[in-house]
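K.L.:
need a 3D model of the sequence below.
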Amino acid sequence: MSEPTAYGQTGTPEEVPVCPRHPDRVSYVRCQRCGRPVCPECQRAAAVGVQCVDCVREGQKSIRQGRTVFGGDVSGVAGRPMVTTTIIGICIAVFLAQLASPPVTDEVAFVPYLGDTEPWRFITSAFAHSPRMLLHIGFNMYALWVMGQYLEPMLGRARFAALYLISAIGGSVVYLLLAFPHTIDELNRRDFGAWETPAVGASGAVFGLFGAFLVLQRRLGRSAATMYATIGINAVLGFVIPGIAWQAHLGGLLVGAACAAVVAYTGRRPADAAPTQRASFGVHWIGLGAIAVALVGLTLLKYALTSSPI
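P.N.:
Below you'll find the model as predicted:
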């Protein structure tokens, strides 16, 4: 007769089934996938019987993650909008730096006549705000938070970040396109115009989110009436209140809408495709890259055709 073994079982140690992850535990229950013994702690319920944690983990790797219609990760829809909170954190940090050291504003603000020699200003200006107007950063961060919670899960973090950054650059580019070097008469009057007027704020990028919202809502067949009202009110304020760069608002709105159109109307799975056929979203990046290249081209053309009398 065989000698007793651990836990009162009989047979040689080689014959007693033990859990691979817990060799001190005997188990006569086996994984339906790999056939190995699996103890109660390592058992996971399956359609038929149980599976071990290793097989469950391996199976999850082969499952394609769900995507929204615009390429966002379905599993992250309920998650925290990390890109949005990161941008807000950067803006707040820059604002505190501006308060602590006034020269910071001069170093990051976008000024058309400096853009050709200091191109980083096209994007850094979108993370800075007027240190004399708390309402400036307050409104932009609130709008960014509201729009980011909706758009970031829908687009996915990478696309949302691209939308924000390209819209920010677009606002600066249109500000540049609508600014012109001063004439001799203007110099005599000390009227330097937008060509030497610095611009800061996330407004251009935020308006880009507004524009993207309009396009995506239309693509989904949803109402965007309140957004039209919001854009209209801000458009009026841009002309009524002095010191507001309405050019950047316009640029961000147009570029954001263009970016959203690329995402909304390209890269989708054909209606007659098999349900298992994966949609291709790589074309999104080609389109977004084309918009960025177009903005660079417009910038270079503007500087090539512009000459200042100074």
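K.L.:
so how far is Val111 from the residue nearest to Pro131 when sequence neighbours are not counted?
P.N.:
Counting by Cβ to Cβ, 6 or more residues apart in numbering, Pro131 lies nearest to Gln98, which is 4.4 Å off, once chain neighbours are set aside. (Each C-beta comes from the backbone N, C-alpha and C, glycine too.) The gap separating Gln98 from Val111 is 16 Å, by Cβ to Cβ, to the nearest Å.
K.L.:
more neighbours: those two, which one.
P.N.:
Gln98 (23 against 19; other Cβ atoms under 10 Å).
K.L.:
any idea which element that one lies in?
P.N.:
Take DSSP states H and E as the rule and Gln98 turns out to sit in helix 82-100.
K.L.:
check which residues of that helix are buried.
P.N.:
Neighbour counts over helix 82-100 (16 or more other Cβ atoms under 10 Å) mark Val83, Thr84, Ile87, Ile88, Cys91, Val94, Phe95, Ala97, Gln98 as buried.
K.L.:
helices or strands next to it in the packing?
P.N.:
helix 103-108, helix 134-155, helix 157-177 (3 or more Cβ pairs under 8 Å, 6 or more residues apart in numbering; DSSP states H and E).
K.L.:
deepest of those helices, which one?
P.N.:
Compared across the helices and strands packed on helix 82-100, helix 157-177 shows the largest average neighbour count, a mean of 25 (mean count of other Cβ atoms under 10 Å).
K.L.:
what helices or strands is that one leaning on?
P.N.:
Short answer (3+ Cβ pairs under 8 Å, 6+ apart): helix 157-177 packs on helix 82-100, helix 121-124, helix 134-155, helix 203-220, helix 246-265, helix 282-305.
K.L.:
can I get the CA coordinates of it in PDB?
P.N.:
What follows is helix 157-177, C-alpha atoms only, in PDB (Å, rounded to 0.1, in the frame of the first residue of the first chain):
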ATOM      1  CA  ARG A 157      -5.300  60.300 -25.100                       C
ATOM      2  CA  ALA A 158      -2.900  60.600 -28.000                       C
ATOM      3  CA  ARG A 159      -5.400  62.000 -30.400                       C
ATOM      4  CA  PHE A 160      -6.700  64.400 -27.800                       C
ATOM      5  CA  ALA A 161      -3.200  65.700 -27.000                       C
ATOM      6  CA  ALA A 162      -2.500  66.100 -30.800                       C
ATOM      7  CA  LEU A 163      -5.800  68.000 -31.200                       C
ATOM      8  CA  TYR A 164      -4.900  70.400 -28.300                       C
ATOM      9  CA  LEU A 165      -1.300  71.000 -29.500                       C
ATOM     10  CA  ILE A 166      -2.100  71.500 -33.200                       C
ATOM     11  CA  SER A 167      -5.000  73.800 -32.300                       C
ATOM     12  CA  ALA A 168      -2.700  75.800 -30.100                       C
ATOM     13  CA  ILE A 169      -0.200  76.200 -32.900                       C
ATOM     14  CA  GLY A 170      -3.100  77.000 -35.300                       C
ATOM     15  CA  GLY A 171      -4.200  79.900 -33.100                       C
ATOM     16  CA  SER A 172      -0.600  81.300 -33.100                       C
ATOM     17  CA  VAL A 173      -0.300  80.800 -36.900                       C
ATOM     18  CA  VAL A 174      -3.500  82.700 -37.700                       C
ATOM     19  CA  TYR A 175      -2.500  85.400 -35.200                       C
ATOM     20  CA  LEU A 176       0.700  85.700 -37.300                       C
ATOM     21  CA  LEU A 177      -1.100  85.600 -40.600                       C
END
